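Participant: Using only what follows, build the 3D model:
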Amino acid sequence: MSTVGPVVFAVDPRGVPQWMVVLSGLLKESEVEVLGWVERKSRRGLRAHLAQRLERAVFPGSGVGSFVPARHLGGRAYDAVPIRAATVVCANHAPVAEGAELWAFGSSEAPFVFPGPDASNASVVRSCLWRLDGMPRVVEELWTRRDPQLFSRTVDETAVRWATVAARTILKAASPRMGSASVGAGRLEGVASTLREVKAVFRPRYSSHRWSVAYQLGGSEPTAERLTHLVPPPDRLWADPFPFEFEGDKVIFLEEALHGGRGKILACRVHDAERWESLGVVLEGPHHLSYPQIIEDDGRVWMIPECAERGEVRAHRCLQFPDQWDPEGVLLVDGRLADATVYRGRDAWWMWATLVDDGNPSDGLVLYSSDSFEGPWRPHPQNPVRVDVRRSRPAGSVWTEADGTVVRVAQDCAARYGEAVVIQEVESMVPYRDRDRMRIDATRFGANCIHTLNRHGDLWALDLEGLQMGQGER
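Facilitator: Numbering: from 1, shown residues only. Okay, here's the model as predicted:
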């Protein structure tokens, strides 16, 4: 039985946010007592109310809608917060001062307030976790992408992420060891199934412009003037380039996909700063493959392509570089992860990835560690270590600079998929901390979008969408 005290939800009488429903389910799974709810004055505002009514009228029966009846939380309703409630969860769109009103007539021991997502920003949704014992302060922030079409879907898309962080924090407050053991990404599958209809409505439509790849030999960073562009045939795209040099052979591995088709892994050999050749497809399978990271371990070369569609992270050993790879591979992590990126640290192997579930696949950053490349891989106790659509999803390999600085590249997908990449310096793995060094926008290369930036030795590679092809083909 959990040592966490009872939990009560303070809700709008017109309905409960979806993330509260998911959180309630996670707490009950962890044997936390959920007493019920306290009805409080609505703080949703006219805009949210009218937007939801309009969406329900336009999309009848679609499952769209951020709020559900309070009875879904279970338990009973209260006029005031029960004194014995150890934690009170409330949803606000306003500063913490409004949430603090709850404590004036309720439990003096409730340590947290969980304001609901604020979708007022044009590009992103910011949610905060406040701690109210002593001086009120923000202890965690979540940043997710705002849906430009559906207001309710914006809030729903944060539900899984937000509920996971909230449940982890409630449990960890009472038992630090329970925090990582009781709430994991895998346990969300059943609890969050009610959100799938919402996710299916108006999925983002990405640009129909072609993605292409470019490389540069030498330099401290890529520049538009020095790039050599690898332009695909008109019926397909090339993206997610990973450069790798093995025994003097410089090769760029990348995703190739016919428009609307399944991704395969293509290889291109780099001869010099301007000359290259395609070696054709080197790995394909029954599922979509992309993001082919290349790793060397004790003389063996491995490829780790993304295969979230298959629901696992798998490494394929090179049989003959660069065009023969073991098609079966070795299972590293059993789970739906996007853009898994592996790095060999001083004392352990580390893997960055983002969750692929009912939330946005670009916002929930998770980490795994292992004593050896082939595992077993252990989830980080803070997972998800960050929920921030502006700097979570991996955008390329992690490398160590001459001074020992560990550098990773992340995608900024706040306004749109592929808006920019962010170069970060990793300061600590446990607890996980990093800081932004530089943001690189696609416009500096004359393109609309960028979502991969990589280097291996003196070879840089990146992908671009919407490039004015005449300016850089060579």
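Participant: is it true that E255 touches L266?
Facilitator: Yes: under the criterion of Cβ atoms under 8 Å, E255 makes contact with L266 at 7.4 Å. For glycine as for every other residue, the C-beta is placed from the backbone atoms N, C-alpha and C.
Participant: Name the residues contacting each of the two.
Facilitator: Contact criterion Cβ atoms under 8 Å, 6 or more residues apart in numbering; residues shared by E255 and L266: W238.
Participant: Give me the next element, helix or strand, following the helix or strand encompassing T354.
Facilitator: Using DSSP states H and E, T354 sits within strand 349-355. Next along the chain after strand 349-355, taking DSSP H and E as the criterion, comes strand 364-370.
Participant: which other helices and strands contact that following strand?
Facilitator: Judged by 3 or more Cβ pairs under 8 Å, 6 or more residues apart in numbering; DSSP states H and E, the packing partners of strand 364-370 are strand 349-355, strand 378-379, strand 386-388.
Participant: Give me the sheet partners of that strand and which way each runs.
Facilitator: Strand 364-370 pairs in its sheet with strand 349-355 (antiparallel), strand 378-379 (antiparallel), strand 386-388 (antiparallel), by DSSP bridges.
Participant: would JSON lines of the ones you listed with mean neighbour count and mean pLDDT be doable?
Facilitator: Output for the strands paired with strand 364-370, formatted as JSON lines (neighbours: other Cβ atoms under 10 Å; pLDDT from 0 to 100):
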{"stretch": "strand 349-355", "mean neighbour count": "25", "mean pLDDT": "95"}
{"stretch": "strand 378-379", "mean neighbour count": "16", "mean pLDDT": "94"}
{"stretch": "strand 386-388", "mean neighbour count": "24", "mean pLDDT": "89"}
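Participant: Figure out which of those is closest to W460.
Facilitator: In terms of Cβ to Cβ, the element of those nearest to W460 is strand 349-355, at 19.9 Å.
Participant: re the thing from before, and the strands paired with strand 364-370: which comes nearest L462?
Facilitator: With Cβ to Cβ as the measure, strand 349-355 is the member of the strands paired with strand 364-370 nearest L462 (18.4 Å).
Participant: what's next to the closest one, contact-wise?
Facilitator: The contact list for strand 349-355 (Cβ under 8 Å, 6+ apart) reads 161, 185, 313, 332-333, 336-344, 361-373, 377, 384, 392-394, 398, 408, 429.
Participant: Mark which of those are buried, thanks.
Facilitator: Buried subset of the contacts of strand 349-355 (neighbour count, 16 or more other Cβ atoms under 10 Å): 161, 185, 313, 332-333, 336-343, 361-370, 373, 377, 384, 392-394, 398, 408, 429.
Participant: Would you mind giving the orientation angle of the host helix or strand of A410 with respect to strand 349-355?
Facilitator: Assessed by DSSP H and E, A410 sits inside strand 406-412. Orientation check (axes from the mean of the first three to the mean of the last three Cα atoms, to 10 degrees): strand 406-412 against strand 349-355 gives 10 degrees.
Participant: any chance of the helices and strands packed on strand 364-370 in CSV, plus distance to Y417?
Facilitator: Shown next, in CSV, are the helices and strands packed on strand 364-370 (distance: least, Cβ to Cβ, whole Å):
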stretch, distance to Y417
strand 349-355, 13
strand 378-379, 26
strand 386-388, 15
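Participant: Could you list the paired strands of the helix or strand just after the strand holding A410 along with their orientation?
Facilitator: Using DSSP H and E, the helix or strand that follows strand 406-412 in sequence is strand 420-428. Looking at strand 420-428 with DSSP bridges, its partner strands are strand 406-412 (antiparallel), strand 433-441 (antiparallel).
Participant: low-scoring stretches of the stretch 301-450 of the chain, by residue?
Facilitator: Scanning the stretch 301-450 of the chain for pLDDT under 70 picks out the ranges 358-360.
Participant: Swap in 80 and give it another go.
Facilitator: Applying pLDDT under 80 to the stretch 301-450 of the chain picks out residues 357-361.
Participant: Of all the strands paired with strand 364-370, which one comes closest to W37?
Facilitator: strand 386-388 (24.8 Å).
Participant: what's the next secondary structure element after the closest one?
Facilitator: Downstream of strand 386-388, the next assigned helix or strand under DSSP H and E is strand 399-400.
Participant: Excluding chain neighbours, give the residue nearest to V11 in space.
Facilitator: If the residues on either side of it in the chain are set aside, V11 comes closest to W37, at 4.7 Å by Cβ to Cβ, 6 or more residues apart in numbering.
Participant: Just grab the bridge partners of that neighbour for me.
Facilitator: Taking DSSP bridges, one obtains F9, A77 as the residues bridged to W37.
Participant: ok, so what distance separates it from A461?
Facilitator: Distance, W37 to A461, using Cβ to Cβ, to the nearest Å: 53 Å.
Participant: K264 now?
Facilitator: Distance from K264 to A461, by Cβ to Cβ: 18 Å.
Participant: Pick out whichever of these two has more residues nearby.
Facilitator: Higher neighbour count among K264 and A461: A461, with 28 against 22, using other Cβ atoms under 10 Å.
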